[in-house]
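> Just to be clear, the model below is a prediction. Sequence and coordinates:
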Amino acid sequence: MPDLSRHVRVGWALADQSVVSLANFLTIYLFARNLAPPVFGAFILGYTGLVLLNNLQNALLVQPHNVLGAPLPGPRYRRFTGALVLAQLALCASAGAALAAAGWLAVWLGAPAPGALLQALAAAAPFWMAQEFVRRVLYTRRRTLAAALNDAATYGLQLAGAVALALAPPGRASAGAALLLLGGSSLAGVLIGLWQLRPQVRFGGPGALARTARVWREAWDFGKWLLGQNAVGWFGAQGHAWVVGLLLGVEQVGLYRAATHLVNVMNPLLQTSYSYLPARGSVAFQRGGTQALSRWVRRTQRLLAFAPLPFCVVLVGFPQQLLQLAYGARYAGTAMPVVLALAAVASCITFAKYPFDLGLLALRSTRAIFYVYLIPVGLLLTS
């Protein structure tokens, strides 16, 4: 008989990621359509920083938990999770303190606008990071319904706040306010997550200090090359907006990001795969070795090969029409349709090779993943 519970879990994972992706897509779309381009551009620079922080913590904590924690028995799993929760708290506090110090320094040096943006980031980043950690830890044990409920509350509040901010009178909606909105809605998810994670976390006990240090070392050994890969991948996907800002100014960042944002209609599919599949690849390897992992990768590749094709056809074939539908005549006569089409092709290529990344991840060959990601981003930076 088919494993109906597995299909239900996958269904909740897809529903969860659809909620997250739709809320994020609509939030940024509302800001892109209603905020002045310089304000939206400043928000995007800050938002890109939040994405970078998430990518770094995913490498150091989340992916080690998904892959190393998935096959552990109950007591060991709870102690393993408790050690990484402590690391997550330290990382959130460090990120908030560093951003606050940078904001104070910017104001002291006579740059009040960047300083205010950094201070807003300092307030938002710890809660943004903690909520993402909670939802991804729930995926390790396939608690996809719990993750969906957490995200429904978090991103429902975010979307409601985005509507209110987008409709605010001109001059009232600042980039800092938009970032604080993300942090405030994430705080709700963190509070819910503290209750949801109780059965999965254990602190203390005999040898707790040595055990925590051992888990941290294991996570670092696994994640150090992923740290480089995630940073490189972030630059290729979003971080190059900072280069656009340095070369062309904040307003051009807003225009560029508003156009390429339409590629994110693929996010429910992509992010469901990114959240659900890493732990499953690890379990396949633990149960059957390299042969079982190879079969799992081939099966996953066939499943995912054609999934993004309809999106790619529409985005590449009709970029001008999509931009006009989304933003009116703002991009008439510009090169942004070409940029949108290229961004769609790049996203589809990245997703097509994802099953191979999962195989390397399950084998703990994180250095190979870093080198695979380094080559295309080097070409992008050169361009």
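Arrived safely. Numbering: from 1, shown residues only.

> From here on, just use CA atoms for contacts and neighbour counts.
Will do.

> residue ranges for the helices of the stretch 51-200 of the chain, please.
63-68, 74-108, 112-140, 144-166, 175-196 (DSSP state H, counting those that start in this stretch).

> what's the closest of those to residue 28?
helix 144-166 (8.4 Å; Cα to Cα).

> what are the C-alpha coordinates of that closest one, in CSV please?
What follows is helix 144-166, C-alpha atoms only, in CSV (Å, rounded to 0.1, in the frame of the first residue of the first chain):
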residue,chain,number,x,y,z
THR,A,144,5.5,20.0,8.0
LEU,A,145,2.1,20.8,9.4
ALA,A,146,3.7,22.6,12.4
ALA,A,147,5.9,24.6,10.0
ALA,A,148,2.9,25.5,7.9
LEU,A,149,1.0,26.8,11.0
ASN,A,150,4.0,28.8,12.1
ASP,A,151,4.4,30.4,8.7
ALA,A,152,0.7,31.1,8.3
ALA,A,153,0.8,33.3,11.4
THR,A,154,4.2,34.9,10.6
TYR,A,155,3.6,35.7,6.9
GLY,A,156,0.0,36.5,7.4
LEU,A,157,1.0,39.3,9.7
GLN,A,158,3.8,40.3,7.3
LEU,A,159,1.4,40.6,4.4
ALA,A,160,-1.2,42.5,6.3
GLY,A,161,1.5,45.0,7.4
ALA,A,162,2.8,45.3,3.9
VAL,A,163,-0.7,46.3,2.6
ALA,A,164,-1.0,48.9,5.3
LEU,A,165,2.5,50.3,4.6
ALA,A,166,2.0,50.3,0.8
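
> What are the contacting residues of that helix?
Applying Cα atoms under 8 Å, 6 or more residues apart in numbering, the external contacts of helix 144-166 come out as 9-10, 12-13, 15-17, 19-20, 23-24, 26-27, 30-31, 34-35, 135-136, 138-139, 173, 178, 181-182, 185-189, 192-193, 196.

> out of the helices of the stretch 51-200 of the chain, nearest to residue 233?
Among these, helix 63-68 comes nearest to residue 233, with 14.9 Å by Cα to Cα.

> buried set for the closest one?
The neighbour-count criterion (16 or more other Cα atoms under 10 Å) identifies 63-68 as the buried residues of helix 63-68.

> Over to stretch 298-312?
300-301, 304, 307-308, 311-312.

> So what touches that stretch?
Contacts of stretch 298-312 (Cα under 8 Å, 6+ apart): 265-266, 269, 344-345, 348, 352, 355.

> Please apply the same query to stretch 340-355.
Contacts of stretch 340-355 (Cα under 8 Å, 6+ apart): 259-260, 262-263, 270, 297-298, 300-301, 304-305, 308-309, 312, 315-317, 319.

> re the thing from before, quick one: buried ones out of the contacts of helix 144-166?
So, by 16+ other Cα under 10 Å, the buried ones in the contacts of helix 144-166 are 9-10, 12-13, 15-17, 19-20, 23-24, 26-27, 30-31, 34-35, 135-136, 138-139, 173, 178, 181-182, 185-189, 192-193, 196.

> And the contacts of stretch 298-312, which is the shakiest by pLDDT?
Least confident of the contacts of stretch 298-312 in the model: residue 269, at 71.

> Please identify which helix or strand holds it.
helix 267-305 (DSSP states H and E).

> quick revisit: can you redo the helices of the stretch 51-200 of the chain as a markdown table with mean pLDDT and distance to residue 328?
As requested, the helices of the stretch 51-200 of the chain are exported to a markdown table (pLDDT from 0 to 100; distance: least, Cα to Cα, whole Å):
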| stretch | mean pLDDT | distance to residue 328 |
| --- | --- | --- |
| helix 63-68 | 86 | 41 |
| helix 74-108 | 91 | 36 |
| helix 112-140 | 91 | 29 |
| helix 144-166 | 89 | 17 |
| helix 175-196 | 91 | 23 |
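
> Could you provide those in TSV, with additional columns for distance to residue 47?
Formatted as TSV, these follow (distance: least, Cα to Cα, whole Å):
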stretch	distance to residue 47
helix 63-68	22
helix 74-108	13
helix 112-140	8
helix 144-166	14
helix 175-196	7
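
> Tell me which of the ones you listed lies nearest to residue 248.
That would be helix 112-140 among the helices of the stretch 51-200 of the chain, by Cα to Cα, at 16.5 Å.

> elements contacting that closest one?
The elements that helix 112-140 packs onto, with contact taken as 3 or more Cα pairs under 8 Å, 6 or more residues apart in numbering; DSSP states H and E, are helix 37-57, helix 63-68, helix 74-108, helix 144-166, helix 175-196, helix 267-305.

> and the angle from the one helix or strand residue 21 maps to to helix 112-140?
If you go by DSSP H and E, residue 21 is part of helix 4-34. Counting by axes from the mean of the first three to the mean of the last three Cα atoms, to 10 degrees, helix 4-34 points 170 degrees away from the direction of helix 112-140.

> Run the angle between helix 4-34 and helix 267-305 for me.
Using the same axes, to 10 degrees: helix 4-34 against helix 267-305 is 130 degrees.

> For residue 270, give me the pLDDT.
So residue 270 comes in at 69 (pLDDT).

> likewise the one 4 residues further on?
At residue 274, the predicted lDDT confidence score is 65.

> Select, from the contacts of stretch 298-312, the two members most distant in space.
The largest separation in the contacts of stretch 298-312, counting by Cα to Cα, is between 265 and 355 at 20.7 Å.

> between those two, which one's more packed in?
residue 355 (25 against 16; other Cα atoms under 10 Å).

> hmm, back to that, quick one, which of the helices of the stretch 51-200 of the chain is nearest to residue 324?
Here helix 144-166 is closest among those (Cα to Cα), at 19.8 Å.

> all helices for the stretch 201-350 of the chain, in order.
208-234, 240-248, 250-260, 267-305, 309-317, 319-327, 336-352.

> what residues are up against the residue nearest to residue 131 when sequence neighbours are not counted?
Closest residue in space to residue 131, ignoring its immediate chain neighbours: residue 190 at 5.0 Å, by Cα to Cα, 6 or more residues apart in numbering. Listed by Cα under 8 Å, 6+ apart, the contact set of residue 190 reads 127, 130-131, 134.
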